[in-house]
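Visitor: Below are the sequence and a predicted model; questions follow.
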Amino acid sequence: MIKNCICLILILLSSSSALAFQDSIAVEQKEILSKLTGHEAIVDTIVLKDRFTQESREIAANYLRNKLATFCNVVIENYSETGNNVVGTISATIDTDEWIVLGAHYDSVRDCPGANDNASGVALTYAVAKYIAQLPERKYNMKIVFFDQEERGLVGSRAYAQKLVDEKLNVVSVHTVDQLAWDEDGDKGIELEVPTDSIKAHYLKIAEDFGYEFPIQISDVTSTDHRSFRRQGFPATGITEEYKNGDTTPHYHKPTDTYETVNFDYLTTITEFVQKVFEDMMK
Ligand SMILES: [Zn+2]
């Protein structure tokens, strides 16, 4: 009886600390969205109007580097006179040369706070990375990348994909997140963009294992960062709200793509789902 009690207490303690961890990640996601979108000052008294100008993108990149640095090794990779990718590394807990890449672009178009597009993808990526970093076991190494200049023609992700080729990194799969904060019909549906069969099967398996009932549609949209990786022959997919299906932000590339339009309930659900996908991948 006593043993059972101790066991129960341990289970309750570990599940409450897991809950506290997820709650604190949700708070951090709000902060990231708030600061990147000018809802609050990002540093000192600086409030970003967009993440389009050189200056505002550099401020955003430094902020994201500092955030990642709290739990992983991180560098800003300057790939051109104007472009900076923020790249974090989380090592496997076994000896392996295999890598998984997870990324999201942090730039926006001019005069657009870019909350949905794509502070939401940055916040999701950050939360998955932080979750994976605290796991006791990881069978893959992981790169977390915040891409610059997606809005100018996938410039940052192309530079990064080229770097993976140049460095002959053994990449198992690439997952990029773009626009994940709009769910007007309330079904919490997502789309996977041109996944390979095995990537698609993996996401669907985790949805089934954990009883997620939101629709997961497969779309043929390639107009974002995952294209850069497929072009180089890497297995890649994009994760997004129902972009093709039409339940997507009406504020796309407008000054009204603000913090207030973010559906945090939706973002949290999909964040936890993608955390589970990556956790399973790491087993
Ligand atoms: Zn985007």
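Guide: That came through, no problem.
Visitor: Just the residues contacting stretch 253-262, thanks.
Guide: Contact with stretch 253-262 is made by 33-34, 37, 39, 108-109, 111-117, 120, 181-182, 249, 251, as judged by CB atoms under 8 Å, 6 or more residues apart in numbering. (Each C-beta comes from the backbone N, C-alpha and C, glycine too.)
Visitor: Just the buried residues of the residues you listed.
Guide: The neighbour-count test (16 or more other CB atoms under 10 Å) marks 33-34, 37, 39, 108-109, 112-117, 120, 181-182, 249, 251 as buried among these.
Visitor: out of the residues you listed, who's near the ion?
Guide: Restricting these to those within reach of the ion (CB under 5 Å from the ion) leaves residue 117.
Visitor: Name the residues of this structure found near the ion, please.
Guide: Contact residues (CB under 5 Å from the ion) of the chain with the ion: 117-118, 178.
Visitor: quick one: which of those residues is nearest residue 86?
Guide: residue 118 (13.4 Å; CB to CB).
Visitor: measure the residue sitting nearest the centre point of the chain to residue 87 for me?
Guide: Nearest to the geometric centre of the chain sits residue 125, at 1.9 Å (CA atoms, centre = their mean). Here the criterion is CB to CB, to the nearest Å. By it, residue 125 lies 12 Å from residue 87.
Visitor: Spit out the residues that contact the two alike.
Guide: 144, 146.
Visitor: what sits against residue 214?
Guide: Per CB under 8 Å, 6+ apart, neighbours of residue 214: 187-190, 207, 269.
Visitor: hang on, the earlier thing: which is the next helix or strand following whichever helix or strand the residue nearest to the centre of the chain is part of?
Guide: Using DSSP states H and E, residue 125 maps to helix 120-133. Following helix 120-133 in sequence order, the next helix or strand is strand 141-147 (DSSP H and E).
Visitor: how about the residue nearest to the centre of the chain, what does it touch?
Guide: With contact taken as CB under 8 Å, 6+ apart, residue 125 is in contact with 102-104, 144, 146, 177.
Visitor: mind redoing it with 7 Å?
Guide: Counting by CB atoms under 7 Å, 6 or more residues apart in numbering, residue 125 touches 102-104, 144, 177.
Visitor: for residue 113, same thing?
Guide: By CB under 7 Å, 6+ apart, the neighbours of residue 113 are 37-38, 50, 257-259.
Visitor: did I read that right, it in a helix?
Guide: No. In this structure, residue 113 is coil, not part of a helix, as judged by DSSP: H, G, I helix; E, B strand; the rest coil.
Visitor: how far away is it from the ion?
Guide: Plainly put, residue 113 is 13 Å away from the ion if you go by CB to the ion, to the nearest Å.
Visitor: now swap in residue 212 and tell me
Guide: Applying CB to the ion to residue 212 and the ion gives a distance of 24 Å.
Visitor: Please enumerate the helices of the stretch 1-150 of the chain.
Guide: In the stretch 1-150 of the chain, the helices defined using DSSP state H, counting those that start in this stretch lie at 2-36, 54-68, 120-133.
Visitor: Reformat those as a markdown table; add mean pLDDT.
Guide: What follows is those, written out as a markdown table (pLDDT from 0 to 100):
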| stretch | mean pLDDT |
| --- | --- |
| helix 2-36 | 80 |
| helix 54-68 | 98 |
| helix 120-133 | 98 |
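Visitor: ok, for residue 37, nearest residue in space, not its chain neighbours?
Guide: Excluding the flanking residues, the one nearest residue 37 by CB to CB, 6 or more residues apart in numbering is residue 113, at 4.0 Å.
Visitor: If you could redo that for residue 193, that was the one I meant.
Guide: Nearest to residue 193 is residue 238, by CB to CB, 6+ apart, at 3.5 Å.
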